[in-house]
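> Just need the structure, nothing else, for what follows:
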Amino acid sequence: MKNIVKIIIFVVAIVAVLLAVWFAGVFDQDKLDKYNEVMIVNENNPEMIAAFEATTPESLPAFVDQYRGEGMPLADGLKAQQIQKDILYTYIVELQELTAETFPEYQANFANHAKALFAKADDAQAYIDGFNAVADFDHLSSYISKLDDQYSVIKQDFIEQKSYNKAYNSLVNQADAVNQIVSDNKKAEDLATLQSDVKQYITNGKILNVLMALAYTLFFATILLLVVFALKAIFTNIKSSTKTLVVLVVFALVILLGYLVASSELTPSAIKMQLAPYQVKWIGAGMFVFYIAFFGAICAVVYAAISGAIKNRK
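Modelled structure (predicted):
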């Protein structure tokens, strides 16, 4: 059974390596931006990609007109999102600048000030009720923290929508540039080239997803096998495996502790990378485990060197 598992993992690893080598060979680094744009559009609007792949030189003007028109609400929606984001950001900055001395005056004038500040806010009443629930300056920081979490989500949604809007317009503009070509032969040739590139980008994305799935499968399969075989060895000879069992328990506790202390707060970098809060938390837990393991390894080396030197003196 053990040999069969090893063979399966080995075969999966070989397939992953071959796919990675092939992917590296066909992937054009100079077209990375275009690749990312097509993948964003395909993720949010696969119908547009399908329509473009089926477009002919004769139907290209209709494609450009249709998606140019459909892109206008996207731009309007992005502007509306930015307004909501800016309103909340301004509100948070105002609250952060308050002191124990200026808070009472701000609180007294808040009703009138809120009319202007939240005039275009979708959640105006929620903001007003939230501030009115703050009893005094000492409770303000916890309220600001809640607003920060809310702002992080709004900003992340805005960045995602902005990226999609940019990618959407880029594809429409590329199609329109081909549509403006006067020569019929040149137009057909450039359209076929652009369609071929788009298809290649989609194919590369699927291959990359397969590679990532294989990588995760190999990683977790390796971890699982290590744990299974370690537990088997421990319970086979429980008396001589006490130290190994202790190490496994300590390692599990370190992972648990890392997850508990890790923050799920969306930092500017996390927002830029479009990470979800749970992903940020697991990344933080992983970094915690890495640091503990790193410093633990250093301490073990130092301890071994010191104990070895003491033994040699004796």
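> So residue 257: helix, strand or coil?
helix (DSSP: H, G, I helix; E, B strand; the rest coil).
> I'd assumed residue 251 was in contact with it.
No - between residue 257 and residue 251 there is no contact under CB atoms under 8 Å: 10.7 Å. All C-beta atoms are positioned from the backbone trio N, CA, C, and that covers glycine.
> After the helix or strand containing residue 63, which helix or strand is next?
If you go by DSSP states H and E, residue 63 is part of helix 60-96. Using DSSP H and E, the helix or strand that follows helix 60-96 in sequence is helix 103-108.
> Show me which residues of the helix or strand just after that next one are buried.
As assigned by DSSP H and E, the chain's next helix or strand after helix 103-108 is helix 110-117. By 16 or more other CB atoms under 10 Å, the buried positions in helix 110-117 come out as 114, 117.
> Check stretch 292-306 too.
Buried-residue list, stretch 292-306, by 16+ other CB under 10 Å: residue 292.
> Give me the pLDDT for residue 134.
Looking at residue 134, its pLDDT is 93.
> what does residue 172 give?
Reported pLDDT for residue 172: 95.
> Next SSE downstream of the lowest-mean-pLDDT helix or strand in the chain?
Least confident helix or strand of the chain, by mean pLDDT, DSSP states H and E, is helix 268-272 with a mean of 59. Once the chain leaves helix 268-272, the next helix or strand it forms, by DSSP H and E, is helix 277-313.
> quick one: average pLDDT of that next one?
73.
> Give me the distance from it to the chain's centre.
28 Å (CA atoms, centre = their mean, to the nearest Å).
> Quick one: list the elements packing against that helix.
helix 242-261 (3 or more CB pairs under 8 Å, 6 or more residues apart in numbering; DSSP states H and E).
> what packs against the helix it packs on?
helix 184-236, helix 277-313.
> For it, buried residues please.
Neighbour count says helix 242-261 has 248, 254, 258 buried, by 16+ other CB under 10 Å.
> Over to stretch 61-68?
63, 64, 67.
> before we move on, back to that, for the buried residues of helix 242-261, could you give me JSON lines that also reports pLDDT?
Formatted as JSON lines, the buried residues of helix 242-261 follow (pLDDT from 0 to 100):
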{"residue": "248", "pLDDT": "71"}
{"residue": "254", "pLDDT": "80"}
{"residue": "258", "pLDDT": "80"}
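> Of those residues, which is the nearest to residue 80?
residue 258 (39.7 Å; CB to CB).
> tell me the contacts of residue 41?
Applying CB atoms under 8 Å, 6 or more residues apart in numbering to residue 41 gives the contacts 48, 49, 164, 167, 168, 171.
> So residue 164 sits against residue 44, correct?
Yes - Residue 164 is within contact range of residue 44, at 4.9 Å (criterion: CB under 8 Å).
> Against residue 141, how distant is the residue lying closest to residue 146 once chain neighbours are set aside?
In space, and not counting its chain neighbours, residue 146 is closest to residue 130: 7.5 Å by CB to CB, 6 or more residues apart in numbering. Using CB to CB, to the nearest Å, residue 130 is found at 13 Å from residue 141.
> Which residue of those two possesses the greater neighbour count?
For residue 130 versus residue 141, the count of surrounding residues by other CB atoms under 10 Å is larger for residue 130: 15 against 11.
> wait, isn't residue 204 in contact with residue 35?
Yes - taking contacts as CB under 8 Å, residue 204 lies within contact range of residue 35: 6.5 Å.
> Tell me which of these two has more neighbours.
Neighbour count, other CB under 10 Å: between residue 204 and residue 35, residue 35 has more, with 21 against 18.
> Find the residue closest to that one in space, skipping its chain neighbours.
Nearest one to residue 35, counting by CB to CB, 6+ apart, is residue 201 at 4.8 Å.
> Residue 40 is in contact with that neighbour, correct?
No - with contacts counted by CB under 8 Å, residue 201 stays clear of residue 40, the gap being 10.6 Å.
> the more surrounded of these two?
Between residue 201 and residue 40, counted using other CB under 10 Å, the more crowded position is residue 201 (22 against 19).
> can you tell me how far the more buried one sits from residue 39?
7 Å.
> and if you look at residue 150?
From residue 150 over to residue 39 (counting by CB to CB), the distance is 29 Å.
> Next: residue 289.
Distance from residue 289 to residue 39, counting by CB to CB: 31 Å.
> Could you list the low-confidence segments of the stretch 151-300 of the chain?
By pLDDT under 70, the low-scoring segments of the stretch 151-300 of the chain are 215-216, 218-219, 222-223, 226-227, 230, 233-234, 238-241, 243-245, 265-279.
> Now with 80, please.
204-252, 259, 263-300 (pLDDT under 80).
> hmm, back to that, quick check, nearest of the buried residues of helix 242-261 to residue 77?
Closest to residue 77, out of all of these and judged by CB to CB, is residue 258, at 39.1 Å.
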